[in-house]
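Novice: here is a sequence together with a model predicted from it:
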Amino acid sequence: EKLNRIDLIFFVDKGPRSQIKKIYFVGDKKIKDKRLRDVITSEEAKFWKFLSKNIYLSNERIELDKRLLSNYYLSLGYYDVQVLSSRAELKDENIELTYSVNAGKRYRLKKLSTNIDPVFDKIIFEDLREEFGKFAGSYYSPFKIQKVLKKIDQIIDDNELQFVQHSVSETVDEESVNIKFNIFEGRKVQVERINIKGNTVTNDSVIRSELLLDEGDPFSKVKLEKSISNVKARNIFKTVKYKLVDG
């Protein structure tokens with residue numbers, strides 16, 4: 001049986017590529033649009049930005065913008081901030097991009113404290129009081145919490161404590177946040193094996209000489225991150241990454 005066949009051809013005219021003409025912020029935003037435009041990566045098209053990809057619409061960039069906005073508000077103490085939505089409208093072949101923000105109330109850090117496992121000597125962590133004194137009464141920021149956690153990691157490393165873990169508990173009052181840093185004995189994890197992949201420019205021994213961890217050592221995230229920094233400081237690799245897997 002003979003089949004009748006035809007060639008079907010589609011002609012596509014993409015037309016001019018639309019650019020972001022205006023970026024607006026609506027809602028209870030509490031911060032001026034000009035400052036918020038500096039926070040996000042999407043940009044309004046201007047004649048001097050003809051080389052920038054950020055003047056074109058991108059779903060991935062919009063999602064990044066929403067995360068950047070949330071983090072910015074959090075860093076200023078807006079604990080309940082919500083970036084509710086984003087909307088892109090085409091007008092006269094250009095795009096108007098709108099973000100809807102609800103900043104909420106601004107919170108202060110009321111009390112910072114520790115909950116230390118009795119297995120550890122509490123005096124070792126006495127230096128944390130100075131950090132707590134700096135931040136108590138100031139506006140909440142996750143970056144301040146991270147700074148204290150780094151201090152805790154440094155104390156753990158300086159005192160060669162092994163198998164220590166920590167977590168953060170946050171409780172919210174009307175306009176303040178209480179922070180408790182829990183320091184406890186975790187799983188007794190040791191480094192079973194260190195594998196080096198992707199190295200084609202030097203001997204593996206050169207890399208291993210920069211590592212503060214060796215096979216059989218108690219695992220320490222602080223020492224791991226310092227080791228990665230040491231390898232990066234060699235400036236012989238484009239990128240240095242690590243991956244942790246269970247032994």
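Specialist: That came through fine. What you see is a predicted model, and the numbers here were worked out from it, not measured in a lab. Numbering: from 1, shown residues only.
Novice: could you use CA atoms for every contact and neighbour count after this?
Specialist: Will do.
Novice: ok, and the closest non-adjacent residue to Asp157?
Specialist: Val222 (7.0 Å; Cα to Cα, 6 or more residues apart in numbering).
Novice: the one you found sits in which helix or strand?
Specialist: Here Val222 sits within helix 221-233, counting by DSSP states H and E.
Novice: can you check Lys147 too?
Specialist: Assigned by DSSP H and E, Lys147 falls in helix 142-158.
Novice: pairing partners for the next helix or strand after that helix, with directions?
Specialist: Using DSSP H and E, the helix or strand that follows helix 142-158 in sequence is strand 164-172. Strand pairing for strand 164-172, determined by DSSP bridges: strand 176-185 (antiparallel).
Novice: got the angle for the partner strand vs helix 142-158?
Specialist: Angle, strand 176-185 to helix 142-158, by axes from the mean of the first three to the mean of the last three Cα atoms, to 10 degrees: 20 degrees.
Novice: buried residues, the next helix or strand after strand 176-185. List them.
Specialist: Using DSSP H and E, the helix or strand that follows strand 176-185 in sequence is helix 204-208. Within helix 204-208, the residues that count as buried by 16 or more other Cα atoms under 10 Å are Ile207, Arg208.
Novice: tell me the centre residue of the protein?
Specialist: Asn71 (8.6 Å; Cα atoms, centre = their mean).
Novice: can you count the residues close to Asp153?
Specialist: Neighbour count for Asp153, taken as other Cα atoms under 10 Å: 19.
Novice: hmm, it is touching Val222, no?
Specialist: Yes - contact criterion Cα atoms under 8 Å: Asp153 and Val222 qualify, at 6.4 Å.
Novice: for the helix holding Val222, packing partners?
Specialist: helix 142-158 (3 or more Cα pairs under 8 Å, 6 or more residues apart in numbering; DSSP states H and E).
Novice: need the residues that contact the helix it packs on.
Specialist: With contact meaning Cα atoms under 8 Å, 6 or more residues apart in numbering, helix 142-158 is reached by Leu74, Ser75, Ile124, Phe125, Leu128, Glu131, Phe135, Gln162, Val164, Val222, Lys223.
Novice: picking up where we left off before, pull the distance from the helix holding Lys147 to the chain's centre.
Specialist: 16 Å (Cα atoms, centre = their mean, to the nearest Å).
Novice: could you list the buried residues of that helix?
Specialist: Neighbour count says helix 142-158 has Lys144, Ile145, Val148, Leu149, Lys151, Ile152, Asp153, Ile155, Ile156, Asp157 buried, by 16+ other Cα under 10 Å.
Novice: and the fifth one, what pLDDT?
Specialist: Reading off the per-residue confidence, Lys151 sits at a pLDDT of 94.
Novice: give me the three-state assignment for Ile23.
Specialist: Secondary structure, DSSP: H, G, I helix; E, B strand; the rest coil: Ile23 is strand.
Novice: next up, the contacts around it.
Specialist: With Cα under 8 Å, 6+ apart, Ile23 has these contacts: Arg37, Glu43, Glu44, Glu96, Leu97, Thr98, Tyr99.
Novice: picking up where we left off before, quickly note the distance from the residue nearest to the centre of the chain to Asp65.
Specialist: Applying Cα to Cα, to the nearest Å, the value for Asn71 to Asp65 is 10 Å.
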